[in-house]
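Visitor: heads up, no residue letters with this:
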Ligand code: CP
């Protein structure tokens, strides 16, 4: 029996290391045998629903391609056209919607980020409410707390270039200035999955950009169980020193939602951008990369070029950003095959 059949994926932190490894192994198989893998029709005529409360390039396209390549179909759904209850809107209850959708589809993906919620944690709560009532797996396609598909694609990219065993390698997860006011999902997923798998993870950011304390505690616990290291630094010299991978990414302060509630989303965004742009040095440049152990540059996309990273680094010989984007397809095929197909 496939032990992952029917399992939700809200964060990789809720999968065992063995389950994560199984998904990665199958993703590598799908990469190698893209159109001739024995599981190529495992979703024959089946449908995967995708709710997008926020825009996407990679996630929507890679899920649609993944479903097609497994013989099924991914249906794009805009929640606002469906009278659904969300964190911000009244409508059909989650209980009813989840029950009905489970009669049509083999899985449901949900993306709910920055502007679709009013306070941190609402998106996560919505996914968990769907998971409570749906009889098919709920997959996070990025929500305010986590981005599990991205975390798996990042690991796959690092292994592609540096080998399967990343224990002892230093991953620098570094805040970058930017004007996109990002949620914490990709960064929190990254520090969780990579501490879990035994990497030495350094989280670097200017004072004031603290992440979810519960997630930080989990990352510390993961590192201790896996025999790796997890540290938080606020000094860039220390951060880049000896890194094997550099992952720069902007994220918002914890003050974003309280301020937005009081003054509106536009003013909150403007304030975040003004604060972020004061941190001039917090951009990944060739000079910072020179302090690393010839590190690979990784990013989940979309890249805020000129703010999070220079073109020179992003387009340079050590950048693996497009490989990681491609890996979204392979890992999502693996997740769908393992959780939604009778294999
Ligand atoms: N990394 C990622 O989720 O990209 P999109 O926002 O384009 O889907």
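Guide: Yep, that arrived. Please read these numbers as outputs of a predicted model, since none were measured by experiment.

Visitor: center of the protein, which residue is that?
Guide: By Cα atoms, centre = their mean, the chain has its centre lying nearest to residue 147, at 2.6 Å.

Visitor: next up, the contacts around that residue.
Guide: Residue 147 is in contact with 140, 185, 186, 188, 189, 300, counting by Cβ atoms under 8 Å, 6 or more residues apart in numbering. In this view, the C-beta of every residue, glycine as well, is placed from N, C-alpha and C.

Visitor: residue ranges in this structure under the pLDDT threshold?
Guide: Along the chain, segments meeting pLDDT under 70 span 1-2, 86-88.

Visitor: how about the residues of it near the ligand?
Guide: Residues of the chain found near the ligand (Cβ under 6 Å from any ligand atom) are 56, 57, 58, 59, 142, 150, 300, 301, 302.

Visitor: which positions in stretch 5-14 come out as buried?
Guide: 7, 8, 9, 10, 11, 12, 13 (16 or more other Cβ atoms under 10 Å).

Visitor: in this structure the third one contacts residue 142, no?
Guide: In other words, residue 9. No. Taking contacts as Cβ atoms under 8 Å, residue 9 lies outside contact range of residue 142: 11.8 Å.

Visitor: and of the contacts of residue 147, the nearest to the ligand?
Guide: residue 300 (4.1 Å; Cβ to the nearest ligand atom).

Visitor: I'd say that closest one and residue 150 touch.
Guide: Yes. Using Cβ under 8 Å, residue 300 is in contact with residue 150, at 4.9 Å.

Visitor: overlap in contacts of those two?
Guide: With contacts defined as Cβ under 8 Å, 6+ apart, the residues shared by residue 300 and residue 150 are residue 186.

Visitor: ok, and the closest non-adjacent residue to residue 307?
Guide: Spatial nearest neighbour of residue 307, excluding adjacent residues (Cβ to Cβ, 6 or more residues apart in numbering): residue 178 at 4.1 Å.

Visitor: how much space between that neighbour and the ligand?
Guide: According to Cβ to the nearest ligand atom, to the nearest Å, residue 178 and the ligand sit 14 Å apart.
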